[in-house]
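**Student:** let's see this in three dimensions:
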Amino acid sequence: MHAARGRSNARIARETGLHLDTVRTWRDRFAQQGLPGLADRKRTGRPPTFSPLQAAQVKALACQLPAESGVPLSRWSVPELAREVVAREIAYAVSIPRR
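**Tutor:** Numbering: from 1, shown residues only. The predicted structure follows:
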């Protein structure tokens, strides 16, 4: 939209809060490939552990007060949230990083 209005990369970056290199990269991809060039690309590393649905369910649960689930807490702790996710069978297990 900004580019279609003839705005420069620097102005687009400033107005959107993006880094200039990011704007340049996305505009170049669009110029070379059109809309398909803007699709997410495969990334290296471990594949996602949760499906998009599971991730949405965990986020929705985290936004609820624990008392709504019968958990006697004023806010979720990470271990309690993980236990609730497993109890609701959103996921079979949730690993919690050690500090």
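
**Student:** all contacts plus neighbour counts: C-alpha atoms, from now on.
**Tutor:** Will do.

**Student:** residue 85 and residue 8, how far apart?
**Tutor:** 46 Å (C-alpha to C-alpha, to the nearest Å).

**Student:** between those two, which one's more packed in?
**Tutor:** Under the neighbour definition other C-alpha atoms under 10 Å, residue 85 and residue 8 were set side by side, and residue 85 has more, 20 against 13.

**Student:** surely residue 91 meets residue 54?
**Tutor:** Yes: in this structure, residue 91 is within contact of residue 54 by C-alpha atoms under 8 Å, at 7.2 Å.

**Student:** comparing these two, which shows the higher neighbour count?
**Tutor:** residue 91 (19 against 15).

**Student:** so which helix or strand takes in the closest residue to that one other than its chain neighbours?
**Tutor:** Excluding the flanking residues, the one nearest residue 91 by C-alpha to C-alpha, 6 or more residues apart in numbering is residue 85, at 6.2 Å. Taking DSSP states H and E as the criterion, residue 85 maps to helix 78-87.

**Student:** report the distance from that helix to the chain centre.
**Tutor:** 20 Å (C-alpha atoms, centre = their mean, to the nearest Å).

**Student:** and for stretch 32-44?
**Tutor:** On C-alpha atoms, centre = their mean, the centre of stretch 32-44 falls 17 Å from the chain's centre.

**Student:** for stretch 31-39, same thing?
**Tutor:** 21 Å.

**Student:** next one: stretch 7-24
**Tutor:** Per C-alpha atoms, centre = their mean, the centroid offset for stretch 7-24 relative to its chain is 21 Å.

**Student:** then stretch 37-53?
**Tutor:** The answer for stretch 37-53 is 10 Å, by C-alpha atoms, centre = their mean.
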